[in-house]
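> the following block contains a protein sequence and its predicted model.
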Amino acid sequence: MARIGVFVCWCGSNIASTVDVKAVAKAAASFPGVAHATDYKYMCSDPGQNLIRETIESEHLTGLVVAACSPRMHEPTFRRLALETGMNPYLVEMANIREHCSWVHEDKGEATAKAIETVRMLVEKVKRNSPLEEIRVPVTKKALVIGGGVAGIQAGLDIVTAGIPVIMVERSPSIGGHMAQLDETFPTLDCSQCILTPKMVELSQHRLVTLHTFSEIDEVSGFVGNFKVKIRKKARTVDHDKCTGCGICMEKCPAKVSSEFDRGLSDRKAIYVPFPQAIPNKPVIDRSSCIWFTKGRCGVCKKLCPAEAIDFEEKDVIVEEQVGAIVVATGYDLIDRGLYGEYGHGKIKDVIDGLQFERMLSASGPTGGKIVRPSDGATPKTVVFVQCVGSRDDSKGIPYCSRICCMYTAKHAMLYKHRVKDGKAYIFYIDVRAGGKGYEEFVKRAVDEDRVVYLRGRVSRIFEKNGTVFVKGSDTLSGQQVEIRADLVVLATAVTSSHGSRELAQRLRIGFDQYGFFTEAHPKLRPVETTTPGIYLAGACQAPKDIPDTVSQASAAASKVIGLLSSDELIREPLVARVDEKVCIACFMCESTCPYGAIEHVTWKDPETRKEKEVARVNPGICEGCGACLPVCRPKALDLMGFSDEQIYGEINALSDLVKVIHDE
Amino acid sequence: MVHNKISSPSFLEEVEAESGEKVRICYQCGKCSAGCPVGYAMDLLPNQVMRLVQLGLKDEVLSCATIWLCASCETCATRCPREIEIVKVMDVLRRRSSAEGYPSAVREVPIFVNSFIGNLKRFGRLYEAAFVGTYNILSGHLTKDFDKVPAMLSKHKLSLLPPRIKGISRIREIIKRVEEIEKK
């Protein structure tokens, strides 16, 4: 016989001002199965909790209904309290009479009536609750980091500091990411390479790090604590165990293509290392431009290699790894050059993008740090910088702000003025967004000290006439049209999600927005987690981000991973689906419906008939308790623990009198 | 600025309803003004016109020269990042300005329009030679475009004789009906 205790909370005046709490308690006391019902000003407070604790013991209660706020708020509080008294925590239910009654209704009589019915339902539910045990899942103490830019590097370094091994997968031949392309960084103007390369070296040499460059994620299965990952190690065509990195092959290779790292400002060979500080500092062959692979002849590298490291026969290799947690740090791309026809990007030689300018500034870049016009190599005397090229432009499908351009454009103009003393720098902007530590001061410095001219207005057109580049813009502050003859134009092109991000998200079963950026579990309170447990986000793959924010998020993601992997077992709520093997007909409709891949095929032996058959099984480590499998189960073999059919029907039937009244009316 | 001038609170809504364009979403980037080929002659740049509409400063916008100088070339609308058809807005502003009796800020515009319609009423189809003559005399720009006459004559782009068409009375009817509609 059930002995349920009902505890009605006033929540100060939050509930009590709109719901007659005493009437609710009085009505609840008369419900069948209720042994005790009372009200109190703050149930969650210490005296409130003591009241419940004492009543459980004195009244020998077998279940609790706390009529108070949302279960999201205090369900854990009261379940913990039950556990302390020896009651199974899943015998506690919350009746939400605050968000569902007092906060949304004005009429006290009606709100009270609704509160009484809510309690009635929960009493019927809790009578049908069965004690549940937490699910314990063993954990693989190893983390996967996808992406080897500054976000991945920082996350990886932080995780190994806690003694947890890290597997890093990087798509390109070297780690370093976009940060390796940069010259100096805002707002302190410290050298990007000088602060990044030591981290690259530290990570690659760490005994707990396994580095897979030139590799991609093929498949991810499993669940938090126990992911299985298939990594495709693309054929480098160069055996890195034999290669000494002497560089003869790169010197002699006859096939030239434009360098991705220098964004087309220089050429690289078909056998190449992307940049001198690359890690690993050994070449790979780009088969799409290699003459051996495209025309079936050449082989110069193979003939000359003293270490006999060239292997034209090499195939992609799939490596399988097991990890407990995943950090996604796949970074960003910039918009396609063709998107802005009116700015001549990709057509006019002296119109370049911010990353190209960055390569030009870099001492290890194609010009050795000299700022030159790509068309004739002359020093540009007038440089026009254009912000918001793509960003904040609905008509180009990018309504968002790219967040980093205001700052790097100010930096570019500043560095240009430092290097070309008699040069003129103009910046076209819509708004200057400099909301970081030291950022506003930095922009002011560009204006006040370096005499950069800011013009408020978007540029309409950039065109070439008789070898001169014209920029047609406006200054809305003075209400004038502006036309500038520019020697060089630098476009702050919009940040987009990294190519292939949508496919990766689908493989990982994580969410992404309409622009391909990965979605966090909560924009404020869970900014580094995804909705898939055990998978975390770091850096610009979530949204455009600068280096300080990226590194912060990477460290945050790492601390989440360390927290997750600090215990031997994971504890999960037992609110998962369960299969009644006897009823299951092995149609596996559930399998095709499950968004988490939690359904397994198992052989089950009927204890009575001793016959074996194939049935579905829900892996409680993966199941998120969404319930999507229940309606598709034709024989009704599936049920959701904590929200069983019996419990739900109990709640609905509790309302049958009420339903009848409404019907009659 | 807004406080010491009379702003019409419903003006923005009216212009939006009549043009079908959301003027309120203009975020003043200035790209329309940057590319406007007639911008050099305007008293207000297109982005300023949009701003005045947003603020409901009806008198300022309906008496400006810009709305009469706009050539409806659509450069602004093609490039607008918020995809506002600025030309449609300009159209509405011109209509409102003339319907509500604001004096045209560009003296030549009504002269041009009246000469044009008068010419149509008289000949049923545009008789360029007479039209240019009337406009030049009324506007005081007596020799305007005269230098182009020989070239146009030689290429048969200009006829010295009036066009002859049937049903002039029906053309006049069309114009009359439009004028009646406008009066309402």
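Looks like it arrived, so ask away.

> what parts of chain A come near chain B?
Listed as neighbours of chain B in chain A under the rule CB under 8 Å from any CB of the partner chain: A:342, A:388, A:392-396, A:430, A:456-461, A:472-476, A:479-482. The way it works is simple: take the backbone N, C-alpha and C, and place the C-beta from them, glycine included.

> which of those count as buried?
Neighbour-count burial (16 or more other CB atoms under 10 Å in any protein chain shown) is assigned, among these, to A:342, A:388, A:392-393, A:430, A:456-461, A:472-476, A:479, A:481-482.

> for the residue nearest the centre of chain A, which residues are in contact?
Taking CA atoms, centre = their mean as the criterion, A:L537 is the residue nearest the geometric centre of chain A, at 3.4 Å. Contacts for A:L537 were tallied using CB atoms under 8 Å, 6 or more residues apart in numbering or on different chains; they are A:327-329, A:518, A:520, A:528-530, A:553, A:557.

> again with A:I430
Listed by CB under 8 Å, 6+ apart, the contact set of A:I430 reads A:387-388, A:392, A:456-458, B:27-30.

> now the residues you listed as JSON lines including distance to A:C11, pLDDT and secondary structure?
Supplementary listing: those in JSON lines, determined by distance: CB to CB, whole Å; pLDDT from 0 to 100; DSSP: H, G, I helix; E, B strand; the rest coil:
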{"residue": "A:Q387", "distance to A:C11": "50", "pLDDT": "97", "secondary structure": "strand"}
{"residue": "A:C388", "distance to A:C11": "48", "pLDDT": "96", "secondary structure": "strand"}
{"residue": "A:R392", "distance to A:C11": "44", "pLDDT": "95", "secondary structure": "coil"}
{"residue": "A:R456", "distance to A:C11": "51", "pLDDT": "97", "secondary structure": "strand"}
{"residue": "A:G457", "distance to A:C11": "54", "pLDDT": "96", "secondary structure": "coil"}
{"residue": "A:R458", "distance to A:C11": "52", "pLDDT": "95", "secondary structure": "coil"}
{"residue": "B:Y27", "distance to A:C11": "43", "pLDDT": "95", "secondary structure": "coil"}
{"residue": "B:Q28", "distance to A:C11": "47", "pLDDT": "95", "secondary structure": "coil"}
{"residue": "B:C29", "distance to A:C11": "48", "pLDDT": "95", "secondary structure": "coil"}
{"residue": "B:G30", "distance to A:C11": "52", "pLDDT": "95", "secondary structure": "coil"}
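
> can I get those in a markdown table with distance to A:S362?
As requested, these are arranged in a markdown table below (distance: CB to CB, whole Å):
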| residue | distance to A:S362 |
| --- | --- |
| A:Q387 | 21 |
| A:C388 | 25 |
| A:R392 | 28 |
| A:R456 | 30 |
| A:G457 | 30 |
| A:R458 | 29 |
| B:Y27 | 35 |
| B:Q28 | 36 |
| B:C29 | 31 |
| B:G30 | 33 |
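
> which one of these is nearest A:P631?
A:R392 (43.5 Å; CB to CB).

> A:I398 is in contact with that closest one, correct?
Yes. When contacts are counted by CB atoms under 8 Å, A:R392 is listed as touching A:I398 (7.4 Å).

> quickly find the element holding residue 51.
By default, I'm working from chain A. Remark: A:L51 resides in helix A:46-59, with elements defined by DSSP states H and E.

> other chain: chain B
B:R51 belongs to helix B:46-55 when elements are defined using DSSP H and E.

> give me the contact list for that helix.
Identification of contacts with helix B:46-55 by CB under 8 Å, 6+ apart yields A:457, A:474, A:476, A:479, B:1-2, B:7, B:11-12, B:15, B:23-24, B:26, B:28-30, B:32-33, B:36, B:39, B:44, B:60-61, B:64, B:66-67, B:70, B:76, B:84, B:86, B:89-90, B:93.

> tell me, how many residues neighbour A:I585?
Other residues near A:I585 come to 14 when the count uses other CB atoms under 10 Å in any protein chain shown.

> what values do phi and psi take at B:D147?
Backbone dihedrals for B:D147, given as degrees, to the nearest 10, come out at phi -60, psi -20.

> run through the helices of the stretch 251-400 of chain A in chain order.
Listed in chain order, the helices of the stretch 251-400 of chain A (DSSP state H, counting those that start in this stretch) span residues A:291-295, A:300-304, A:354-361.

> what is the rounded mean pLDDT of the last one?
So the one you mean is helix A:354-361. In this model, helix A:354-361 has a mean pLDDT of 96.

> so what's A:G423 closest to, chain neighbours aside?
Once flanking residues are discounted, A:G423 sits nearest to A:K381: 5.4 Å by CB to CB, 6 or more residues apart in numbering or on different chains.

> domain parsing for the chain?
Because you didn't say which chain, this covers chain A. Domain segmentation of chain A under automatic domain parsing yields A:4-132, A:143-332+A:518-530+A:538-564, A:335-496, A:573-641.

> let's do chain B instead
Following automatic domain parsing, one finds the domains of chain B at B:11-99, B:108-183.

> and the ones you listed, which one is worst for confidence?
Set side by side, the domains of chain B differ in mean pLDDT, and domain B:108-183 is lowest with a mean of 90.

> residues of the longest helix belonging to chain A that come out buried?
Scanning chain A for the longest helix, with DSSP state H as the assignment, gives helix A:108-128. For helix A:108-128, the buried set under the neighbour-count rule, 16+ other CB under 10 Å, comprises A:111-128.

> what secondary structure does the spatially most central residue of chain B sit in?
Nearest residue to the geometric centre of chain B (CA atoms, centre = their mean): B:W68, 4.4 Å. At B:W68 the chain is in helix, as set by DSSP: H, G, I helix; E, B strand; the rest coil.

> if I read this right, it contacts B:V106, doesn't it?
Yes. Under the criterion of CB under 8 Å, B:W68 lies in contact with B:V106, with a separation of 4.3 Å.

> nearest to A:L81, out of the helices of the stretch 251-400 of chain A?
Across the helices of the stretch 251-400 of chain A, the minimum distance to A:L81, taken as CB to CB, is reached by helix A:354-361, at 56.8 Å.

> residue boundaries of the helices in chain B?
Along chain B, the segments classed as helices by DSSP H run B:11-19, B:31-35, B:46-55, B:58-62, B:66-69, B:75-79, B:86-99, B:108-123, B:128-139, B:149-154, B:168-183.

> looking at these, which one is packed in the most?
Between those, helix B:31-35 has the highest mean count of neighbours, a mean of 29, where neighbours are mean count of other CB atoms under 10 Å in any protein chain shown.

> for that one, list the C-alpha coordinates in CSV.
Presented in CSV, the C-alpha positions along helix B:31-35 are these (Å, rounded to 0.1, in the frame of the first residue of the first chain):
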residue,chain,number,x,y,z
LYS,B,31,26.7,51.2,-49.8
CYS,B,32,23.8,52.8,-51.7
SER,B,33,25.4,56.2,-51.4
ALA,B,34,28.8,54.9,-52.2
GLY,B,35,27.7,53.6,-55.6
